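Asker: this one's sequence-less:
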């Protein structure tokens, strides 16, 4: 079946991340993202989903480092690239949106400048041309009156607007891969949907693949075609979204789904939050060194149909 | 590792100075004032005079040892006064708020605007030279930082559960301030005090150097430098050692203060230099 | 912006008034007045008439509140009173001292900034490195060294031993004369700036927006230039301002040591002869300098940091 599928944009193979050389906190994680596909990584905080995203970008901070495995981006192992080549990919071919819209933008520079910077460094434009492109980029993420907004500073914008600006920055150079790390977690519920829709729409239009990191199963269900479930540094299960929700294979996934708050089950929802998973899944079933339980792409969809 | 080193090294230096000051009477080879031997003035360091002699033939080592007494007394006592004033004003201002807070705040700003050495000099001009004047002058002029920290900590503590609970339980204001707030701000106040002792030692030396602090023939590191300055060509050791003593003492207290701060609040290390 | 400056200037007035009040009260309780010490020294005949005359000349026969009022009224007209010693207006005594003092403060601060900020910056780029450790050792030493002793040592080596620079004194257009006192005075603010800069850079480097900038694919030099520098500047501006502001007061010992004809040495000399009007005047000038610098820092903040509202 795999011969019909296009080559993946991103292919993570046996990725290991350690705190220094000894403490391994990410164990042999492997997954593929196809062009234009939205892939979700779901798990509790501390499960390793964020550092997976950061390591693909090459943004791990000092005590954390990649200790093994490979990250193929458009067929090329980026872990083997020099820092200059890697830097050129960043922002241009792969981009990232972070969780904290309040602090992720430089407080002392205008929005316009921070978007325009992308065109200056990756397209070699002059500042005045870049600024004009920045207005267009701002318009594309549907920030009202972009001509004026380019002169605004981050503190003058709401959280939702700032996250739109972040999306504009990330997609400025039309990357092949967008890594969105909890892009809406810090936003008001009312604003969340808008930002997610925007990401989905723009990426579909450009054929940009998305790695969506979230702890929110609702977000994952709405956005992703395929989902990987992470627990304690391991990818325990990977399936198409529909299949995963209908037929979770791993006990941890079942626990995760069971603990999800549902409409009409308020009391249960309040008790069974994600942080209390230990009550649902026993310790032996979690964090074992077992291969990822997986079903092939498209398979679950057909099976359930 | 650096954290421990600061603390340990600072503490060692401070202890050395304290021991020198306390035991000066026993370990000093000569009398710091009366063993003046003009025939042997400006002698370089030798076995008889380990740090040499000054312009009046007095033993530099003995005078440095006795000078430690003055420096430590001034440093500790004046900083104690500062800490008491700063804490009392800061805690009460933060706790009661209102016009009292405004008044204390204004006063703190005024104190910050007058460089403390200038203020101390002005007070010394009124009181005249001498140890008691120094204690007052330096004790009254350097409490603004303590006051600020005490006030802001009190403000944040005031609204916390355990203070509210104590108030609801009917404790008196004085009691709450003493038993609930004070123990919680002691850490930062101690850090500022430790650093302040170093500052007071420097200020004492400066004032004595200017001739308005400790008057000769009483030995103080500052006034030893005044005398030695004239002899810098012929007897540089008379300048080097008192200065080295000041440097060592202040370094000790600064390292100790840094170490305490890192120990009490690791996050402060990156935030406040 | 002009309105902002104007408002900040008005805000200085209460502080200045309070300082004048404090200084005035302190010197009113001086037990022996300058006049009586003149008498005691026998430079004038112990004559009640002379004393009354002098008291009247300096307005000392009036009650304290009246004197305070007169003083404040005079202050409005830049009239700081009459010097006991020279019998000339205090302003005329202070004015020629002003420029040398400002020059020394700026030179010391220039040294401190030019050395301290880069040291702190480079140290922060590789925390824990040998360079970082030595810079921090240098910084804490700089904060602990008595500046007049350092001045004395500098004088000994560079002036007396090597003969490269003059050991003391002041010449209006001589750069050589200012080097040693400026370094001696600048070492402590240099050390403080190195520490503050290092802490600031470490702070900013860990900020989320720097991670964003990295994710954008910026080169390290561009990252430092366009995202880190300005944010660090905001963090060290307060220290910078406080240091320049208090430098004129800090300078008294150095000015005395190097026979620098500035405000500080005037203050010390006036204290020793109890020329109270001049002491008051110099303290007011020193405080005014502090307040003006602080106002300028606030203006700089408003210019650099868009989060600070000008209105």
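Answerer: That came through, no problem. Only a predicted model underlies this, so the values are computations on that prediction, with no experimental measurement involved.

Asker: what about the nearest residue to residue C:183 once chain neighbours are set aside, helix or strand, and which?
Answerer: Sequence neighbours aside, residue C:111 is the residue nearest to residue C:183 in space, at 5.8 Å (criterion: C-beta to C-beta, 6 or more residues apart in numbering or on different chains). Any C-beta I mention is one placed from the backbone N, CA and C, and that applies to glycine too. Using DSSP states H and E, residue C:111 sits in helix C:90-125.

Asker: for residue A:235, same thing?
Answerer: Going by DSSP H and E, residue A:235 is part of strand A:234-240.

Asker: on that earlier part again, so who does the residue nearest to residue C:183 touch?
Answerer: C:182, C:183, C:186, C:190 (C-beta atoms under 8 Å, 6 or more residues apart in numbering or on different chains).

Asker: Reformat the residues you listed as JSON lines; add neighbour count.
Answerer: Below are the contacts of residue C:111 laid out as JSON lines (neighbours: other C-beta atoms under 10 Å in any protein chain shown):
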{"residue": "C:182", "neighbour count": "25"}
{"residue": "C:183", "neighbour count": "22"}
{"residue": "C:186", "neighbour count": "29"}
{"residue": "C:190", "neighbour count": "27"}
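
Asker: In helices only, show me these.
Answerer: C:182, C:183, C:186, C:190 (DSSP state H).

Asker: what residues does the stretch 101-250 of chain B put near chain C?
Answerer: B:106-107, B:109-110, B:113-115, B:117-119, B:121-126, B:198, B:202, B:205-206, B:209-212, B:225, B:229, B:232-233, B:236, B:239-240, B:242-243, B:246-247, B:250 (C-beta under 8 Å from any C-beta of the partner chain).

Asker: What's the PyMOL line that selects buried ones from those residues?
Answerer: In PyMOL, this line selects whichever of those come out buried by 16 or more other C-beta atoms under 10 Å in any protein chain shown:
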select buried, chain B and resi 107+109+110+113+114+115+117+118+119+121+122+123+124+125+126+198+202+205+206+209+210+211+212+225+229+232+236+239+240+242+243+246+247+250
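
Asker: Out of the residues of the stretch 101-250 of chain B next to chain C, list just those in helices.
Answerer: B:106-107, B:109-110, B:113, B:117-119, B:121-126, B:198, B:202, B:205-206, B:209, B:225, B:229, B:239-240, B:242-243, B:246-247, B:250.

Asker: Show the subsequent helix or strand relative to the longest helix belonging to chain A.
Answerer: When chain A is parsed with DSSP H, its longest helix is helix A:189-206. Where DSSP H and E defines the elements, the next helix or strand beyond helix A:189-206 is strand A:209-214.

Asker: Paired strands for that next one, with orientation please.
Answerer: strand A:38-42 (parallel), strand A:177-181 (parallel) (DSSP bridges).

Asker: want to throw the ones you listed into CSV with mean neighbour count and distance to residue C:6?
Answerer: Shown next, in CSV, are those (neighbours: other C-beta atoms under 10 Å in any protein chain shown; distance: least, C-beta to C-beta, whole Å):
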stretch, mean neighbour count, distance to residue C:6
strand A:38-42, 26, 56
strand A:177-181, 25, 47
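
Asker: Could you export those strands as a markdown table, including mean pLDDT?
Answerer: Listed next are the strands paired with strand A:209-214 as a markdown table, based on pLDDT from 0 to 100:
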| stretch | mean pLDDT |
| --- | --- |
| strand A:38-42 | 92 |
| strand A:177-181 | 92 |
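
Asker: Please produce a markdown table containing those strands, extended by distance to residue C:89.
Answerer: Formatted as a markdown table, those follow (distance: least, C-beta to C-beta, whole Å):
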| stretch | distance to residue C:89 |
| --- | --- |
| strand A:38-42 | 79 |
| strand A:177-181 | 69 |
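
Asker: what about the ones you listed, which gets the closest to residue A:244?
Answerer: In terms of C-beta to C-beta, the element of the strands paired with strand A:209-214 nearest to residue A:244 is strand A:38-42, at 9.0 Å.

Asker: tell me the angle of the closest one relative to helix A:189-206?
Answerer: 140 degrees (axes from the mean of the first three to the mean of the last three C-alpha atoms, to 10 degrees).

Asker: What's the first helix or strand after strand A:38-42?
Answerer: By DSSP H and E, the next helix or strand past strand A:38-42 is helix A:49-57.

Asker: Name the surrounding residues that touch that next one.
Answerer: With C-beta under 8 Å, 6+ apart as the criterion, helix A:49-57 contacts A:10, A:12, A:15, A:17, A:25-26, A:29, A:41-43, A:60, A:64, A:66, A:71, A:73, A:78, A:90, A:94, A:96, A:177, A:179, A:181-182, A:211, A:213, A:230, C:215.

Asker: how about a cut-off of 6 Å?
Answerer: A:17, A:41, A:43, A:60, A:66, A:71, A:96, A:179, A:181, A:213, A:230, C:215 (C-beta atoms under 6 Å, 6 or more residues apart in numbering or on different chains).

Asker: Please identify the buried residues of the helix or strand that comes right after it?
Answerer: Reading on from helix A:49-57 to the C-terminus, the next helix or strand found by DSSP H and E is strand A:64-73. Using 16+ other C-beta under 10 Å as the test for burial, strand A:64-73 gives A:64, A:66, A:67, A:69, A:70, A:71, A:72, A:73.

Asker: Thank you kindly, that will do.
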